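*Asks:* using only what follows, build the 3D model:
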Amino acid sequence: MQSHCVADSVVEAESPRNTGRVGTPAAAEMILAPPPPASAEGRWALGQLYRTLAPLRGSQLGYLALRRLLWRRRRPVTWKGPVRLRPAPPGLRFPPWPPAFAHGAYCAGDFSFIHNAFRAKAPISWNDPQCPKLRLYHLNYFDFLNVRFSLPEEESMLRAALDIALNWRERNSTGTEVGWEPYPLSLRIVNWLKFLVRYGRDLEQRGEGRKIDLLLPSLAQQAATLDRRLEKDLLGNHLLKNIKALLFAGALLETPCSARWLEKGESLLERELKEQILSDGGHFERSPMYHAEVLEDLLDLQVLGSACAMKWRCDGALALAITMMRAFLQGILHPDGELPLLNDSALNVARPPAELLRAGPGAVSTNCDPRPAVEIFPRTGYGVIRDGASASYLVFDCGPLGPDCQPGHGHCDVLSYELSLHGRRVVVDTGVSTYERNAVRRYERSTAAHNTIRIDGEDQAEVWASFRVGRRPHVGALQGGSTGPLHFLRGEHYAYRRRGVVHARAIALVPPGAWVVVDLLKGRGMHRSESFIHLHPLVRVRTAGPQRFALCNPGEDPGAAQQTLHCWNVDFDHHTYSLLTYGAGEFSLLESWYSEEFGKRQGARALRWTWEGSVPVAMVYAFVPQGVRAPRVAVDAQRESVEIDGHPIRFVEKGH
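*Replies:* Predicted structure coming up:
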């Protein structure tokens, strides 16, 4: 299972015509920010391009120019030297891909990627211009080779797998096909080598040695071509995939270039570990999905080095990075054991988190002691609050979109969150269903697709195309802790400072099981704010209308402490919560969707709370279990603090 990435950031790959493009859904039409006026389009486009390029490194711009001007027209490296597969060490064991899909591909030529069937009978259409590029990428990855066959019963499928690889070799020779782009090239090199390590000897014993002799020079040619096409313009997880492929080729192929591939791969790996793995264990692109993918890549490299008795130059740094990344991964998982869908993230792409935590040296027990009630990952910008008694959990995003050199997988989701109650996802991120350049992709990256606030109809960041970002929001420090029985997280961002507004948010868990979200909009002037709350498809929401709630403690006079709050009943499984909004404004339930996997969209509901007026102002809402009194909330905008049931929380501590 591999990444669905087609291209990132400013160097988005050219896509063929997408005949499967999805039209703009009604929800996206209603809540997407309008484009700039026609009279300003030219000036806006030039400014946008400048804001996209300015944060990049000079070296990136240079490699981008080389890629655009030279690499797209360059043929693959001509390979004439000897090449041999090194004997597979007995300890070289890699986890397989799910076999059911692969077997269908071998037997019927029926490839199903990202919930879309893709029939590819001979001759296989490796570069069909009528097919969306994301599916072509998956076809060219060859993940389906990385499976276990029961021999001799499945010998025919093993032979079919070898023939599919040879078919690619025969039909992709110019170097301009999709499969020669560095990202799918890297994944295919690794998958072909894993396949040959597993089954090279079995295939030779079955009389297929001549076919393997044809495949090996192609592998060496692909590695030599990748060596000249490293994605130093994109960096990030793309470059790590390139590095992994060079190290696999250097370790498992015996060629005149193997030593150079190992030397270059080790040098780059040492450098990239220092940059890409943050001090709190998060990956610097701030995507839980790519975090899991990078962790999987590092675990594969650890297995490769150990089995081949190769002590990588950065062995210690590699082991430390794996340990830190595992701790981070374990810290952000929902109670269902799966990833939060922050930024570009989807389920069932990387290996399951439980497998990543258990694999290889330094495995982490998934049945460890309870984690702390509040956990902060300050460099990544993620914070977590847990309520062990009810198996409830909230993850809060107060991090940047990504590194300045690679924000392509970032969304407009600063101060957004996901909430699980009683082990079930209730408040969710809209997720990612596509990387195609269309209205769906634009909406899924927009502020309106996340559980945060949009000001004056403008997104937090200037996201455009499929992976590009112009203006980016600056964020404050993520903080958290406990005050009395309350556990809280807080942060702020300055995306709307040019409009005269700063958004600060505090989220608190209030015993016995209420969750309070407090937004403070600081600044000046008249503004329109929209707060979005996206609910899981299995969550039912019913409008209860304005109701009088007692805000007193037991034993107090209920008549002296009542307030009219807007109320919705939120039902899931056998639980009911009241969603209460403290304050004026207009409320509407929108039809949206939820995408937990690529290519899959389920209908869902989203609440939009719209308020217009002068700032500073506070917007407060709470999820309160049925039968539990509503928390008392008082916000002091001037002092930038909130008091919940008598316990004060400052939005930003002095000195920050």
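*Asks:* surely residue 253 touches residue 82?
*Replies:* No. Contact criterion C-beta atoms under 8 Å: residue 253 and residue 82 do not qualify, at 10.3 Å. The way it works is simple: take the backbone N, C-alpha and C, and place the C-beta from them, glycine included.
*Asks:* more neighbours: those two, which one.
*Replies:* residue 253 (21 against 11; other C-beta atoms under 10 Å).
*Asks:* next, the more buried one: phi, psi?
*Replies:* The phi/psi pair for residue 253 (degrees, to the nearest 10) reads phi -110, psi 140.
*Asks:* surely residue 246 and residue 228 touch.
*Replies:* No. Shown here, residue 246 and residue 228 do not form a contact pair, counting by C-beta under 8 Å, at 11.3 Å.
*Asks:* who has more neighbours, those two?
*Replies:* Using other C-beta under 10 Å as the criterion, residue 246 and residue 228 rank with residue 246 on top: 27 against 12.
*Asks:* what kind of secondary structure is that one in?
*Replies:* helix (DSSP: H, G, I helix; E, B strand; the rest coil).
*Asks:* spit out the contact partners of it.
*Replies:* 223, 226-227, 261-262, 264-265, 268 (C-beta atoms under 8 Å, 6 or more residues apart in numbering).
*Asks:* look up how far residue 424 lies from it.
*Replies:* 43 Å (C-beta to C-beta, to the nearest Å).
*Asks:* pLDDT weak spots in the stretch 501-650 of the chain?
*Replies:* 548-564 (pLDDT under 70).
*Asks:* at 50 instead, please
*Replies:* Across the stretch 501-650 of the chain, the ranges flagged by pLDDT under 50 are 552-560.
*Asks:* got it, and the chain?
*Replies:* 1, 3-26, 30, 38-41, 114-121, 552-560, 655-656.
*Asks:* do that again at 70, thanks
*Replies:* In the chain (pLDDT under 70), the answer is 1-44, 70-73, 98-123, 361-369, 548-564, 653-656.
*Asks:* all helices for the protein, in order.
*Replies:* Remark: helices assigned in the chain by DSSP state H are 26-31, 41-53, 58-69, 99-108, 133-141, 155-171, 182-205, 209-228, 236-252, 258-276, 288-307, 315-332, 353-358, 439-445.
*Asks:* can you tell which of those helices is closest to residue 618?
*Replies:* helix 26-31 (22.7 Å; C-beta to C-beta).
*Asks:* what's the longest strand along the chain packed up against?
*Replies:* Counting by DSSP state E, the longest strand found in the chain is strand 600-614. On a contact count with 3 or more C-beta pairs under 8 Å, 6 or more residues apart in numbering; DSSP states H and E, strand 600-614 meets strand 526-534, strand 586-597, strand 617-625.
*Asks:* tell me which residues are up against the second one.
*Replies:* Going back to what we said before, that points to strand 586-597. 25-27, 30-31, 114-115, 341, 346-349, 428, 430-433, 444, 449, 534, 536-537, 541, 543, 566, 581, 601-611.
*Asks:* quick check: ChimeraX command selecting the buried ones in these.
*Replies:* Of the contacts of strand 586-597, the buried ones go into a single ChimeraX selection, burial set by 16 or more other C-beta atoms under 10 Å:
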select :25,27,31,114,341,346,347,348,349,428,430,431,432,433,444,449,534,536,537,541,566,581,601,604,605,606,607,608,609,611
